[in-house]
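Enquirer: Here is a sequence together with a model predicted from it:
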Amino acid sequence: MTNRPASDVLILGGGVIGLACAVSLLDAGRSVTVLEQGTAGCAASHGNCGTLTPSHSAPLATPDALRHAIGWLFKADAPLRIRLRPDPALLRWLLGFASNCTWSTAVRAADAKAPLLVRSRALIEDLIRRENLDCEFAATGTLNVYRDAAGFERAQSMLGRFAEVGIPVETLDAATTLAREPALKPGVAGAFFHPGDAQLRPDRYVAELARLVRAKGGVIEEGTCVGAIVREGTRIARVATDRGDFSGREVVIALGAWTPQFARALDLRIPIQPGKGYSITYTRPSECPCLPMTLKEPSVCVTAWKSGYRLGSTMEFAGYDRTLNRTRLDALRRGAALFLREPEGPAVVEEWYGWRPMTPDDLPMLGRVPRTDNLVMASGHGMLGVTMSAVTGLLVREVITGRPTSFDLAPFSVARFG
């Protein structure tokens, strides 16, 4: 094994965040090397539902989420499940999450996150059109559908927040919802339509980002496992891997759910827990939805492309468990069957899980890392990594090139966790 020549920027992690950062930095004229333990985009970037959702600016941490989590604690197929176990890091995370479950904290988090989501949605569409990325992008909007009338009525109280942060939303009654989406069964209470949302095929999006990185002169070292991040003084001197040592004048951590494992060696407190999500990909059903939807009560996301059809979502805190939990997959099927005339496609193409990098306040960690001169964090994007990919690339480029950032990064600082 040999030491590799230093790049301007060394990016750890070849998922959607790392690749988006690489594209943005290459456009700024920097040389870039990306280290990825598998293949580019193979982890959480691969099998999610592929929606671009500024409408999801509200954080996971709310009083409602805390109440539901307690009620679902011993229900194996609940939309949110916590597998209790003797894990001090999980306990600290849960205590931090619970402390953020107030409406005032949730409003502050939404106000911080929404502008980034709106900007990123526009940047992604611009990148796709400018670079002619083949990823089945469609500016369809998204639909949040309710069957419970009381829940639908409660949700309407939050509509003013969307208007305040510039996210358009339309309230649809039951008849209008069924007319807008004929694939739904009768019995819905209503829906919210978010015209500013969009969709793409996430595995194709990350594949196109990887193609773009290479076309612009970047290097992606796949099958490269990071062993240690070595600091000398106040700088990252090198990154030791099973394929030799790599270095960069600047280093970006975009390791998603694996971030804490490497941050400990740098004496960083990174409270990220792997939030396990699931999806099932099918060939298209004959009565296929026109719009990507979230079926609210079971928390099932439904997305259709010309090339396929996917049911996804749920959240399971079970550590780095690599089993494909059949109970969780069956919950997706049951939830879809409550709402859709034809909930499943004729053939299963893939059953999948991936680990989302969840922070206790549901905000990402962006910006320079304290006490380390050449280290930048781009991690903790939770369920919105695809949606936030382009704005993260922009912000990381601005930080590294020394330009004023487009948004205040204080709410996203690593230092907020001490």
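Expert: Yes, it's here.
Enquirer: Report the separation between Ala174 and Pro186.
Expert: Applying C-beta to C-beta, to the nearest Å, the value for Ala174 to Pro186 is 8 Å. From N, CA and C alone the C-beta is placed, and that goes for glycine too.
Enquirer: more crowded one of the two?
Expert: Ala174 (18 against 8; other C-beta atoms under 10 Å).
Enquirer: residues in contact with the more buried one?
Expert: 188-190 (C-beta atoms under 8 Å, 6 or more residues apart in numbering).
Enquirer: Looking at these, spot the one nearest Thr327.
Expert: Val188 (26.1 Å; C-beta to C-beta).
Enquirer: ok, what's across the strand from the closest residue to Phe339 other than its chain neighbours?
Expert: Sequence neighbours aside, Leu295 is the residue nearest to Phe339 in space, at 4.7 Å (criterion: C-beta to C-beta, 6 or more residues apart in numbering). Note on Leu295: beta-bridge partners Val145, Val300, judged by DSSP bridges.
Enquirer: Do you have the helices of the stretch 151-300 of the chain handy? List them.
Expert: Applying DSSP state H, counting those that start in this stretch to the stretch 151-300 of the chain gives helices spanning 159-164, 174-180, 202-215, 259-263.
Enquirer: could these be laid out in CSV, adding mean pLDDT?
Expert: Below are the helices of the stretch 151-300 of the chain laid out as CSV (pLDDT from 0 to 100):
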stretch, mean pLDDT
helix 159-164, 75
helix 174-180, 97
helix 202-215, 97
helix 259-263, 88
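Enquirer: Distance to Tyr353 added to the ones you listed, as a markdown table?
Expert: A markdown table is the format used below for the helices of the stretch 151-300 of the chain (distance: least, C-beta to C-beta, whole Å):
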| stretch | distance to Tyr353 |
| --- | --- |
| helix 159-164 | 31 |
| helix 174-180 | 31 |
| helix 202-215 | 14 |
| helix 259-263 | 19 |
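Enquirer: Which of those helices sits closest to Arg108?
Expert: helix 159-164 (11.5 Å).
Enquirer: What separation is there between Pro88 and Met358?
Expert: Distance from Pro88 to Met358, counting by C-beta to C-beta: 17 Å.
Enquirer: So for these two, which residue has more residues nearby?
Expert: With neighbours defined as other C-beta under 10 Å, Pro88 and Met358 compare such that Met358 has more, 24 against 7.
Enquirer: Arg284: neighbour count?
Expert: 17.
Enquirer: Not counting its neighbours along the chain, what's nearest it?
Expert: Nearest to Arg284 is Tyr309, by C-beta to C-beta, 6+ apart, at 4.8 Å.
Enquirer: Can you name every helix or strand that the helix or strand harbouring that neighbour contacts?
Expert: Secondary structure assignment for Tyr309, by DSSP states H and E: strand 308-317. Where contact means 3 or more C-beta pairs under 8 Å, 6 or more residues apart in numbering; DSSP states H and E, strand 308-317 is packed against strand 80-82, strand 273-282, strand 300-305, helix 326-339, strand 348-358.
Enquirer: so which of the ones you listed is the most packed in?
Expert: strand 300-305 (a mean of 25; mean count of other C-beta atoms under 10 Å).
Enquirer: so what's Val219 closest to, chain neighbours aside?
Expert: Thr33 (4.6 Å).
Enquirer: ok, now Gly41?
Expert: What sits nearest to Gly41 in space, not counting adjacent residues and going by C-beta to C-beta, 6+ apart, is Val206, at 2.9 Å.
Enquirer: For Asp361, see how far away the one you found is.
Expert: Separation of Val206 from Asp361 (C-beta to C-beta): 26 Å.
Enquirer: What residues of stretch 250-261 count as buried?
Expert: 250-260 (16 or more other C-beta atoms under 10 Å).
Enquirer: which pair in those residues spans the largest distance?
Expert: Across these, the longest distance by C-beta to C-beta is 22.8 Å; it joins Glu250 and Ala257.
Enquirer: sorry, back to before: which ones are touching the residue nearest to Arg284?
Expert: Counting by C-beta under 8 Å, 6+ apart, Tyr309 touches 281-285, 288, 302-303, 345.
Enquirer: Just the strands from the stretch 1-150 of the chain, written as ranges.
Expert: All strands of the stretch 1-150 of the chain, identified by DSSP state E, counting those that start in this stretch, fall at 7-12, 32-35, 51-52, 80-82, 142-146.
Enquirer: Quick one: list the elements packing against the second one.
Expert: Under the contact criterion of 3+ C-beta pairs under 8 Å, 6+ apart, the helices and strands touching strand 32-35 comprise strand 7-12, helix 16-27, strand 219-221.
Enquirer: which of the contacts of Ala174 are buried?
Expert: Buried among those by 16+ other C-beta under 10 Å: 188-190.
Enquirer: Make a markdown table from those and add distance to Ser45 and pLDDT to it.
Expert: Formatted as a markdown table, these follow (distance: C-beta to C-beta, whole Å; pLDDT from 0 to 100):
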| residue | distance to Ser45 | pLDDT |
| --- | --- | --- |
| Val188 | 32 | 98 |
| Ala189 | 34 | 97 |
| Gly190 | 33 | 97 |
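Enquirer: related to what we said a few turns ago, right, and out of the contacts of Tyr309, which lies closest to Phe339?
Expert: Distance to Phe339 across those (C-beta to C-beta) is lowest for Val302, with 8.1 Å.
Enquirer: For Phe97, see how far away Ala65 is.
Expert: For Ala65 relative to Phe97 (C-beta to C-beta), the value is 8 Å.
Enquirer: Please compare the two by neighbour count and tell me which comes out ahead.
Expert: Legend: neighbour count by other C-beta under 10 Å for Ala65 and Phe97, higher for Phe97 (24 against 20).
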